[in-house]
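Chemist: next one to model:
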Amino acid sequence: MPDKPYIGGQAVIEGVMMRSPLCLAVAVRRPGGELAIREQAWKPVWKDWKVLRWPLLRGATTLVESVWNGYSALRWSALEATPEEDRGKVEGGGNLAMTLSTVLALGIFIALPHGLAAGAGRLLPGGLPIDSVGFHLVAGLFKLSILLGYLAAIRRIPEIRRVFQYHGAEHKTIFAYEADGMPTLARARAMPRLHPRCGTTFLIVVVATSIVVFSVVFAFVPLPAVHPILRHGLGIVMKIPLLIPIAGIAYEFQRWTARHYGNPLVRMLTAPGLWTQRITTIEPTDAQLEVAVAAMAGAIWRERVGAESTASTEPRVFASLEECLAAYAPPAAAAA
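Modeler: Numbers count the residues shown, from 1 in each chain. I've put the predicted structure just below:
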């Protein structure tokens, strides 16, 4: 895909976000059936801070930006997908919710697996020293089990199941774009729903990378000989800043596998992430695919005309996908 910019995406509430190098476009199905699309300029922070573009740093930077952009898109989509008379119920408290969710994620996916590995070590002859490879391998297996169990559990929630359908719609639409340019509903429908550049695959790579990084770092940076509980507490705190290089390594690995996906060895390495996507993606309906195609159309259009062109804080609203595609069509196609 050398002649087309990379476009990635994320499922949101009753919609899809697509991100191109210059913009973000979010499309949402309103309660009345209309398609609401918000486009906005997007400037990566590394445009001004070149150091953040360096390998191993750009992965963590991209992750933070993706979380922030995704959270903003989720908040907006939640408002658009809610009847106007009920929107007041979903407004407010956003920053607090994001802070609490971050703390909860660190607790569930960092502290809990570490604590379970420490507990398991007490049951084994000779124990599991925190500076051993075995300790971090066991912690990684607990982390993976918690992650898969969590995803499988929330998949059963009807609202989350719909988000996972939009996740599938996002992947199908990106595949169609990468194959043929501007996707149509028919092209998107025919595409697979498992994509090698998915964030779910990234999470699996992060888990595997964390086992290696923690094993190496804790082997060469000894913790003080204090009470075991305090020692493990210090170990948990020490793991948090290590998420930066872990994200960087995982990001570079995923970029490499995406470039060489035709290689059988690469396909084998990425298989666990694709298997996990069978949990986080569900075959979408045509109505959901329409939303993903509309988001892609908005992203391609703004990429073509310039990120700042006709910028507006108000969404564009269309009665149908056909109306949306006509509005976003290139001038020659529109004239035809």
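
Chemist: pLDDT weak spots in the stretch 151-300 of the chain?
Modeler: Low-confidence segments of the stretch 151-300 of the chain (pLDDT under 70): none present.

Chemist: okay, the closest residue to Ser320 other than its chain neighbours and Cys324: tell me how far apart.
Modeler: Computed as Cβ to Cβ, 6 or more residues apart in numbering, the closest residue to Ser320 that is not its neighbour in sequence is Leu35, at 7.5 Å. C-beta here means a position set from N, CA and C on the backbone, and glycine is covered the same way. Using Cβ to Cβ, to the nearest Å, Leu35 is found at 6 Å from Cys324.

Chemist: next up, the contacts around Ala294.
Modeler: Ala27, Leu35, Ile37, Phe318, Leu321, Cys324, Leu325 (Cβ atoms under 8 Å, 6 or more residues apart in numbering).

Chemist: just to be sure, it is in a strand?
Modeler: No - Ala294 is assigned helix when assessed by DSSP: H, G, I helix; E, B strand; the rest coil, not a strand.

Chemist: which helix or strand contains Glu39?
Modeler: Glu39 is part of strand 35-41, with elements assigned from DSSP states H and E.

Chemist: not counting its own residues, what contacts that strand?
Modeler: Here strand 35-41 has contacts from 22-30, 76, 80, 290-291, 294-295, 298-299, 301-302, 307-308, 311, 315-321, 324, using Cβ under 8 Å, 6+ apart.

Chemist: picking up where we left off before, between Leu35 and Cys324, what contacts are shared?
Modeler: Ala294, Phe318.

Chemist: that older thread, tell me, how many residues neighbour the residue nearest to Ser320?
Modeler: If you count neighbours by other Cβ atoms under 10 Å, Leu35 ends up with 26.

Chemist: and Ala120, by the same measure?
Modeler: 17.

Chemist: what about the helices in the stretch 201-336 of the chain?
Modeler: Per DSSP state H, counting those that start in this stretch, the stretch 201-336 of the chain carries helices over the ranges 228-259, 264-280, 286-305, 321-328, 331-335.
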